[in-house]
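Asker: Just the structure for this:
(one chain, ligands or ions: 1)
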Amino acid sequence: MCGIVGYTGSQEATPIIIEGLRRLEYRGYDSAGVCTLSGGTAATRRSQGKLINLERLIQEKPLSGSTGIGHTRWATHGRPSETNAHPHQAGPIIVVHNGIIENYLALKEQLRKKGHTFLSETDTEIISHLIEEHYLQSGNFEQAVRAGLQELRGAFAVCILCEKEPGTLIAAKQGSPMVVGLGEGEYFVASDIPAILSHTREMVFMEDGELVLFRDGAAVFSTVAGAPLVKKPRHIDWSPMMAEKGGFKHFMLKEIYEQPRAIRDTIAGRLREEEGTVYLEELRLTDKQLKAVERISIIACGTSWHAALVGKFLIEEHCRIPVEVDIASEFRYRNPVVNDRTLMLLISQSGETADTLAALREGKSRGAKNIAICNVVDSSIAREANGVIYTHAGPEIGVASTKAFVTQLTALYLLTVKLGRVRGTIDRLRGQEMLAALVRAPAFLEEALTLDEEVEQVARRYMNARDFLYLGRGINYPIALEGALKLKEISYIHAEGYPAGEMKHGPIALIDDQMPVVVLAPHTSSYEKTVSNMEEVIARGGGSLRSARWGMARSPTRRRLCWRSPSTTSGSRRSSCRCRFSSSPIISPS
Ligand code: M6R
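Answerer: Presented below is the predicted three-dimensional model:
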């Protein structure tokens, strides 16, 4: 995820900004840049890759000035490169930006007609040109910023400088985080607390639609439209580690809570609600080519493969195109039936998974058209595929996929609408309904995330279970698979996902009171059938833990439950274990 750091005060800005950017490195980035103002001149240094590259550049060509802005970029629009790195300058206006500008193409077109030329592929560059355009008219930096920002649609946190106003820095936020740090006669501004925590613990959190103007040693808060605001600082007593994780215990939890934002970013700028369709800028397939597709082959690994299975349901249901789904490591070692009428869809968060990349190459060699759904911009798979739909989840630091999965589903849904509209299986009205449903999804997720206490209670009740079953039907079967995978990799509890209707063909024999079963039963047409599968489970006492106390006596392997519990660590297995299966001492396996 991109990071922003700004400074204005009496110290040299560059070391403070670089240090702040370093503290944001854990979030992932592909390029970085800094701009400082000194004596009416702006100087910018940008480089691709690690911060060390930028530091070397600054050593060679030093920057001076006590007001400056810096940025680490995680590419969304335009590949990682020095040209696409922030800050972006247009005339005297210099901008760093986090977020996604939804209407950037329309604005770019308008600005082009007014004679602006663009050097980068980013949505950010239009912000600097837009403000420059207003500045040319009013000659007033503050007014120009306010006017420009009010024309933007989408999410942004921005820091803006004007070469002609050396001591002034403006920051504003809409949908992306921004915090202001109050120092002694100096101010810090950042997208995230850790960037500035070593300088001050007095912070003001900006809300959407707010702007702060730093000038003459003062910070003046207002709405973007200009209404004055009184903001109260808060004292932050987080440790630097806590701050990195945004106050969450670990990155995975943080990323779980980022899911609604990640979906919104993946949708941003892509909906054409009026026409009931979507715009996928980097698909690179014409409508004629999409119409000619005879079958689709989706290939992925792990969580991305589960997303692929959901994609099969969506595409077959709404577009009536046969879809096959393969695990990449299987696909590449068989002799797949793929030809020039096949559309291959490669799904990969990282865009670097070797089997998925090899499958792409295999399919290409057989003449298949191909599209990648990737999170990491300019990753190998994204580069080698003919077209790409980027998910805008931001960097996923937790090993277990969470926000990447839901954004892959979002991308597949967008593709389904596109295909269905082009091929005539989805009419305009249905397209509009589908998009309206998609727009509501993040709010449902937000609601689900408020159930954290209930989820914790369930987890505590079942934390010592040795096995789990996840059941679902139809589109929920892959979700059951994903649930089981998450449980396996995070809690080391054995878990399987099954199609609920398949229970009677064998797996039902596993059900007893020691086998918790998670059933996905939304109110769809298969609800009643799923409920009768639940009845079968309940009749066998599934997961009721009734005989918990003697469970271990029946099965010596139950002892292993304790060290598998997430509440135990290797150093404290004996002492911290709260085994519900035995009161005897726990023996750690070697
Ligand atoms: O980067 P990719 O999506 O290609 O990775 C594929 C799998 O390794 C990945 O989805 C993995 O299964 C998840 N991290 C599990 O949570």
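
Asker: Could you list the contact residues of this protein toward the ligand?
Answerer: 301-304, 348-350, 353, 356, 399-401, 489 (C-beta under 6 Å from any ligand atom). C-betas here are computed from N, CA, C, even on glycine.

Asker: Just the residues you listed: which are in strands?
Answerer: residue 348 (DSSP state E).

Asker: neighbour-wise, which of the residues of the chain next to the ligand leads?
Answerer: Among the residues of the chain next to the ligand, residue 348 has the most neighbours (other C-beta atoms under 10 Å), with 31 neighbours.

Asker: which residues touch that one?
Answerer: With contact taken as C-beta atoms under 8 Å, 6 or more residues apart in numbering, residue 348 is in contact with 300-301, 304, 356-357, 372-375, 379, 381.

Asker: Next: residue 201.
Answerer: For residue 201, the contact set (C-beta under 8 Å, 6+ apart) comprises 235-237.

Asker: what's the neighbour count on the residue of the stretch 1-150 of the chain found nearest the ligand?
Answerer: Per C-beta to the nearest ligand atom, the residue of the stretch 1-150 of the chain with the smallest distance to the ligand is residue 28, at 13.3 Å. Look at residue 28: counted by other C-beta under 10 Å, it has 16 neighbours.

Asker: Look up the closest residue to it, ignoring the ones flanking it.
Answerer: Sequence neighbours aside, residue 395 is the residue nearest to residue 28 in space, at 3.2 Å (criterion: C-beta to C-beta, 6 or more residues apart in numbering).

Asker: I figured the one you found hits residue 27, correct?
Answerer: Yes - assessed by C-beta atoms under 8 Å, residue 395 is found in contact with residue 27 at 5.8 Å.

Asker: Can you tell me how far the residue nearest to residue 28 is from the ligand?
Answerer: According to C-beta to the nearest ligand atom, to the nearest Å, residue 395 and the ligand sit 12 Å apart.

Asker: quick check, that residue in a helix?
Answerer: No - counting by DSSP: H, G, I helix; E, B strand; the rest coil, residue 395 is not part of a helix but coil.

Asker: count of neighbours near it?
Answerer: Neighbour number of residue 395 under other C-beta under 10 Å is 20.

Asker: mind listing what's buried in stretch 108-127?
Answerer: 108, 110-111, 116, 120, 122-127 (16 or more other C-beta atoms under 10 Å).

Asker: Mind pulling the model confidence for the residue nearest to residue 28?
Answerer: pLDDT recorded at residue 395 is 79.

Asker: residues in contact with the helix or strand encompassing residue 105?
Answerer: Secondary-structure assignment from DSSP states H and E places residue 105 in helix 104-113. Where contact means C-beta under 8 Å, 6+ apart, the residues beyond helix 104-113 that reach it are 77, 101, 118, 123, 126, 129-130, 133, 151-152, 154, 269, 281.

Asker: at 10 Å what do you get?
Answerer: Under the criterion C-beta atoms under 10 Å, 6 or more residues apart in numbering, residues 77, 90, 101, 103, 116-118, 122-127, 129-130, 132-133, 148, 151-154, 269, 279, 281 lie in contact with helix 104-113.

Asker: which residues does the closest residue to the ligand within the stretch 151-300 of the chain contact?
Answerer: Closest contact between the stretch 151-300 of the chain and the ligand, by C-beta to the nearest ligand atom, is at residue 300 (6.4 Å). Going by C-beta under 10 Å, 6+ apart, residue 300 touches 306-309, 311, 325-328, 331, 345-349, 353, 355-356, 359, 373, 408.

Asker: who's it bridged to?
Answerer: residue 327 (DSSP bridges).

Asker: so how far is residue 354 from it?
Answerer: With distances taken as C-beta to C-beta, to the nearest Å, residue 300 is found 13 Å from residue 354.

Asker: try residue 10
Answerer: Counting by C-beta to C-beta - residue 10 and residue 354 are separated by 52 Å.

Asker: still on that earlier bit, let's see which of the contacts of residue 300 end up in helices.
Answerer: 306-309, 311, 328, 331, 355-356, 359, 408 (DSSP state H).

Asker: From these, pick the one nearest residue 231.
Answerer: residue 408 (38.2 Å; C-beta to C-beta).

Asker: wait, what's in contact with the nearest residue to the closest one once chain neighbours are set aside?
Answerer: Of all residues not flanking residue 408 in the chain, residue 307 sits nearest, at 3.8 Å (C-beta to C-beta, 6+ apart). Residues counted as contacts of residue 307 (C-beta under 10 Å, 6+ apart) are 298, 300, 325, 347, 349, 373, 391, 401, 404-412, 478-479, 482.

Asker: 8 Å instead?
Answerer: Contacts of residue 307 by C-beta under 8 Å, 6+ apart are 300, 347, 373, 405, 408-409, 412, 478.

Asker: just checking, residue 479 is part of a strand?
Answerer: No - secondary structure assignment (three-state DSSP) places residue 479 in helix, not in a strand.

Asker: State the number of residues packed around it.
Answerer: Neighbour number of residue 479 under other C-beta under 10 Å is 21.

Asker: Same question for residue 34.
Answerer: 27.

Asker: Go ahead and flag the most central residue of this protein.
Answerer: Central residue of the chain (C-alpha atoms, centre = their mean): residue 393, 1.6 Å from the mean position.

Asker: wait, isn't that one in contact with residue 401?
Answerer: No - with contact defined as C-beta under 8 Å, residue 393 does not reach residue 401; the gap is 9.2 Å.

Asker: Overlap in contacts, these two.
Answerer: residue 349.

Asker: Helix or strand: which one has residue 363?
Answerer: Residue 363 belongs to helix 354-365, assigned by DSSP H and E.

Asker: Report the rounded mean pLDDT for that helix.
Answerer: For helix 354-365, the per-residue pLDDT averages 93.

Asker: what about it, distance to the chain center?
Answerer: 25 Å (C-alpha atoms, centre = their mean, to the nearest Å).

Asker: Please apply the same query to stretch 514-533.
Answerer: 30 Å.

Asker: what's in contact with that stretch?
Answerer: Counting by C-beta under 8 Å, 6+ apart, 462, 465-474, 476, 479-480, 483, 500-501, 503, 511, 534, 537, 542-543, 545, 547-548, 551 sit against stretch 514-533.

Asker: picking that back up, which helices and strands does the helix or strand that comes right after the helix holding residue 105 pack with?
Answerer: Next in sequence after helix 104-113, counting helices and strands by DSSP H and E, comes helix 124-138. Contacts defined by 3 or more C-beta pairs under 8 Å, 6 or more residues apart in numbering; DSSP states H and E place helix 124-138 against strand 88-90, strand 93-101, helix 104-113, helix 141-149, strand 154-162.

Asker: just to revisit the earlier point, buried ones only from the contacts of residue 300, please, as a ChimeraX command.
Answerer: Filtering the contacts of residue 300 down to the buried ones (16+ other C-beta under 10 Å) takes a single ChimeraX command:
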select :306,307,308,309,311,325,326,327,328,331,345,346,347,348,349,353,355,356,359,373,408
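
Asker: that older thread, winner for burial among the helices and strands packed on helix 124-138?
Answerer: strand 93-101 (a mean of 27; mean count of other C-beta atoms under 10 Å).

Asker: separation between the residue in the chain that the ligand sits nearest to and residue 312?
Answerer: The ligand sits closest to residue 302 of the chain, with a gap of 1.9 Å, by C-beta to the nearest ligand atom. Here residue 302 is placed at a distance of 16 Å from residue 312 (C-beta to C-beta).

Asker: Same check on residue 178?
Answerer: With C-beta to C-beta as the criterion, residue 178 and residue 312 are 41 Å apart.
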